[in-house]
Structure formats: structure tokens, C-alpha cells
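>>> have a look; sequence and predicted model below, questions after that.
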Amino acid sequence: MVKKTHRNAKQSDVPEMSEDVLISRMKADETEAYKYFFWEYCDYINLLTCSLLENQEDAKTVMRQVMRDVWTKRHDDWLKLPLKPFLYQEVYRRCVPYMGGEKRRSLLHKLFRR
């Protein structure tokens, strides 16, 4: 039995691996690699979606889309290194349709002001 300290605590049976090894193993259809991806990046993706979208149902939808695509598009060279910046771009791209015009302008202003 694996003891968890919080909801997304890493499971002890999932070994640490670098991002390039992770992607290679997911392309080889290793479900352990996807399990590692889930435990390593799920909270990050959730944090991004919830910070970009006010509606929690929309945030859940975007999060599920990204997590699904990580597995279904693993053979298409869709994932790019480094993973966190790539995931940020992908989450942002998927959140834009759910954002109102004012929210988009506010985010762009914060990102690109000098």
C-alpha cells in the first residue's frame, strides 16, 4: 500500500526520470511514464488553468484536454522540451477561447509591458 501525504503526492513505485527520458518512454507506450507525468505535472497544469480561468468547470475542461492530449499525441512529436514552458503555452492557448476580452487584454498587458 502506498502512503500519500496529500492528493498528488508522488507514488513511491514511480521512479524519477528526466524530461527527455519521460517523453521517450511515453512514445514507447509505457504507462509508468504517463503515471510519472501525471504525478509530476498535474498540479502545475491545474494551477495554470485555475489562475487563467475564473470558471472552475472551464478550468477542469482545459486541464482534462491537455492531460488527454499528452497521452494521445505522444507519437506526434507534440510535446516539446522543456516541458513546463511548453505546457504553459498549451494551457494558455486552450484557455483563450474561455476568456473574455478584458481578461485577455489584462494578461497581455501584464506579460508585455515595459
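Structure's in. What do you need? Numbering: from 1, shown residues only.

>>> only C-alpha atoms for contact and neighbour calcs from this point on.
Will do.

>>> which non-adjacent residue is nearest the spatially most central residue of the chain?
Central residue of the chain (Cα atoms, centre = their mean): Ile45, 3.7 Å from the mean position. For Ile45, ignoring the flanking residues on the chain, the nearest one in space by Cα to Cα, 6 or more residues apart in numbering is Met63 at 6.4 Å.

>>> so what's the residue count around that neighbour?
Neighbourhood size, Met63 [other Cα atoms under 10 Å]: 24.

>>> so how far is the strand or helix carrying it off the chain centroid?
Counting by DSSP states H and E, the element that carries Met63 is helix 56-72. Helix 56-72 sits 8 Å away from the centroid of its parent chain (Cα atoms, centre = their mean, to the nearest Å).

>>> now that helix: buried residues?
Applying a neighbour-count criterion of 16 or more other Cα atoms under 10 Å, one finds 58-60, 62-63, 66-67, 70-71 buried in helix 56-72.
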